[in-house]
Every structure is written in structure tokens, then in C-alpha cells.
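>>> quick one, what's the 3D model for this:
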Amino acid sequence: MRSQTHYLETGSRDPAYNLALEETVLRRRIQGDYLLLWQNDNTIVIGQNQNAEAEINRAFVETHGIRVVRRTTGGGAVYHDLGNLNYSFITDAGDAERLTMERFTRPVVEALRGLGLQAEASGRNDILVEGRKVSGTAQRLLGKRILHHGTLLFDANPEMVAGALNVDPTKFQSKSSKSVRSRIGNIRTFLKEDMDLPAFWAYLKEALAGDGLTPDSLTAEELAEVEELRREKYDTWEWTFGRSPRYSMTNCRRWDGGSLEPHLEVEKGLISGIVFYGDFLALRPLEPVTGALLGCPFRREAVAAVLDRFPLSQYFGAITREEILDTLFHPAGEDE
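Residues are numbered from 1 along each chain as shown. This is a model prediction of the structure:
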């Protein structure tokens, strides 16, 4: 972040409200650098393109009263409680073709190192301490602005993290991990000198301030927009669970860039419904791509021609054109 950074807190632990406030800042504050620190209580936040029912342990979620919300960035599902602190950077995107996670993970890694931790950025979007994941990040573009946000597991309940999420075994085969609990770690356990979460919050606020912080708040008009967005989008079943058409064909493949799970309806040889789930790191919503595929013949060359009309890295992250086509037309196990 550069120069004076505007600092905002949401004043809420409601995940639908917090995501609505974050989106409102992204849409309304089109100049300057912003840092938001916020918390959700007892929540699963799923990625923009994930199948909600496939990601959660429904019985566990209902028993423990866990909220489920969908965000507008890519990546995978995460569990939040009050031992978790979330941060958001909102700033100018610059050259979209040169966007990197490192631009935003570097100051977080440096802040953790400032506490004496052996922190490092790893993989597509993780921050590790001594080999344990303490943060996952994601980002999206809107016009010339970018939102980058991430979790920081400070003192979260590992039993809740493990119980709330259904874990895709293919995510862990290459990492030789046996469970979510074997992968994640809490920042507090690695500290040389103990601190509580409020002290960590205060430290992180200053560490990420760049050249200084300017406390800020939303206007009454902006706050009304937050409430409307919470009510009409983030707090609705349609947004979180209702984004899947009925389908007659599905497949799932895991690539270096993440998982990709297309669900399709095909009628008279034409695609009549399509949605892509997965934890790939999308920068933009997929609706323009899926909309363009409606009515397209379900043939590799026809789908390829549609895909060629889009900058796929902004919609599918590091998953390539050929990997998308292979997922649709060459399910894992065929001819292997």
C-alpha cells in the first residue's frame, strides 16, 4: 500500500453485512488505498464458484448454528470464528496482466515475521508458518480497482474448522496431509511472546499501515447501500445455495491452478444450463462466460471458440483453456 491508507472497521460480526460493506467500499470508493480489518463469528465462507452443499458438512453446520455465505472472490471454503481475523486491501489494480498475489501477501508475511515467526507465502494463495497454513487469500477486479482479502488464523478452534468443512481428498494427496487439522496452524501457538487477539489486531493495523493510517467511515448513504446489499444478496438462499441449474452431466478435475467442476444441462445437443464450481482463483464473476456458452453446441471446438473470446486467466485463474476443455470433454480416468 502506498501513501496514507484509509482504515475502516465494519463494526459487525455478521458475515453477510461484512461482505456487503467490503463490496460497497470496492464499488463506491474508487480512489485511494483502503485497509479493512474485520471478523465473522461462526461462519463458513465459500468461494464465488463453489458448490455450497458439496463444501459443507450439512449436519455439523446445522447442529452448531454455523452461518454459510458466499463471497465474490475465487478460492476455496474457509471457516471463520472469533479466533480468526480478516483483512481486506482495496486499491488501484494497475496493469491487470501483471497482477500477482505477492504484491499483497508480502506485507502480511513481513508483519508476521515482525513477530518472530517463520512466515512465507506458498502455493497459489496461502501463507504458512513453519509449514502450517495460517492464511488463505483471494482477489477480484472491478473496473480499475482490485480487492484482495485474506484470513489470519490466530486462535481459531481447529475442531470446528475440521468439522464444518467437507474436505475434497484430492486437495491433499499431493501434500500427504491426512486432514484439515494437519494442514492448518494458529498464529498464537507460534509466538515467542504470547498476545491476545485484540493485541494482534492492533499490531497488524499498524504493520499494514504503509506510510500511515487515516481513520475513515462510511456515509449514511453508503451504509444504507450496505444494508440493501446484505439483505438482497449476501443474506439470501439464492445467492449462497441457489446458483446451480439442474444438470445431466458433471465432472471434477484437479489441476495445478485448482479444482474445476462443471455442471451442465444439454438439450438437443445445445448447452441449456452451465455452472462452474471450484476453488480456482477467479478475478471476475463467471456469468459472462457461462452466459456466452448458453445455446452453444456441446462440442469441444464450439466451446473452445466461445472461450477464446475471453481473457480466461481473469475468470479461471491459472487453469488453462485446454484444462477447461479437458474437464468438460475428457473426464479423469478416460483413456488413462
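
>>> give me the neighbour count for the nearest residue to residue 41 once chain neighbours are set aside.
Setting aside the residues directly before and after it, residue 41 is nearest to residue 13 in space (C-beta to C-beta, 6 or more residues apart in numbering), at 4.2 Å. For every residue, glycine as well, the C-beta is placed using N, CA and C. Look at residue 13: counted by other C-beta atoms under 10 Å, it has 17 neighbours.

>>> who's in contact with residue 13?
Taking C-beta atoms under 8 Å, 6 or more residues apart in numbering, we find residue 13 in contact with 39-41, 82.

>>> filter those residues down to the buried ones.
Neighbour-count burial (16 or more other C-beta atoms under 10 Å) applied to the contacts of residue 13 gives 39-40.

>>> my guess is residue 142 meets residue 24, correct?
No - contact criterion C-beta atoms under 8 Å: residue 142 and residue 24 do not qualify, at 11.5 Å.

>>> so which of the two has more stuff around it?
Set residue 142 next to residue 24 and count neighbours by other C-beta under 10 Å: residue 24 wins out with 20 against 17.

>>> three-state assignment of that one?
Each residue gets one of three states, and residue 24 gets helix by DSSP: H, G, I helix; E, B strand; the rest coil.

>>> I'd like the distance between it and residue 305.
For residue 24, the distance to residue 305 equals 37 Å [C-beta to C-beta, to the nearest Å].

>>> same check, this time on residue 253
Distance, residue 253 to residue 305, using C-beta to C-beta: 21 Å.

>>> what do you get for residue 77?
For residue 77 relative to residue 305 (C-beta to C-beta), the value is 33 Å.

>>> likewise residue 278?
22 Å.

>>> what about the residue nearest to residue 41, helix or strand, and which?
Assigned by DSSP states H and E, residue 13 falls within no helix or strand.

>>> so what pLDDT did it get?
As predicted, residue 13 sits at a pLDDT of 98.

>>> about what we covered before: neighbour count: residue 77 and residue 305, which is higher?
residue 77 (24 against 12).

>>> where does pLDDT dip in the stretch 51-200 of the chain?
Within the stretch 51-200 of the chain, the stretches with pLDDT under 70 are 96-99, 167-182.

>>> measure stretch 48-56 end to end?
End-to-end distance for stretch 48-56: 15 Å, by C-alpha to C-alpha, to the nearest Å.

>>> in that stretch, which residues are buried?
Buried residues in stretch 48-56, counted by 16+ other C-beta under 10 Å: 48-52, 55-56.

>>> distance to residue 195 and secondary structure added to those residues, as TSV?
TSV is the format used below for the buried residues of stretch 48-56 (distance: C-beta to C-beta, whole Å; DSSP: H, G, I helix; E, B strand; the rest coil):
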residue	distance to residue 195	secondary structure
48	34	coil
49	36	coil
50	34	coil
51	38	coil
52	35	helix
55	32	helix
56	32	strand
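
>>> all helices for the stretch 101-250 of the chain, in order.
Under the criterion DSSP state H, counting those that start in this stretch, helices of the stretch 101-250 of the chain are mapped to 102-113, 158-164, 170-173, 180-183, 187-190, 197-207, 220-229, 237-240.

>>> for those, which one sits closest to residue 70?
helix 237-240 (4.6 Å; C-beta to C-beta).

>>> elements contacting the closest one?
When contacts are defined as 3 or more C-beta pairs under 8 Å, 6 or more residues apart in numbering; DSSP states H and E, helix 237-240 packs onto strand 67-70.

>>> still on that earlier bit, gap between the residue nearest to residue 41 and residue 216?
With C-beta to C-beta as the criterion, residue 13 and residue 216 are 20 Å apart.

>>> make CSV out of the helices of the stretch 101-250 of the chain and add mean neighbour count and distance to residue 65.
What follows is those, written out as CSV (neighbours: other C-beta atoms under 10 Å; distance: least, C-beta to C-beta, whole Å):
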stretch, mean neighbour count, distance to residue 65
helix 102-113, 18, 30
helix 158-164, 18, 11
helix 170-173, 13, 26
helix 180-183, 16, 20
helix 187-190, 18, 25
helix 197-207, 15, 21
helix 220-229, 14, 23
helix 237-240, 14, 16
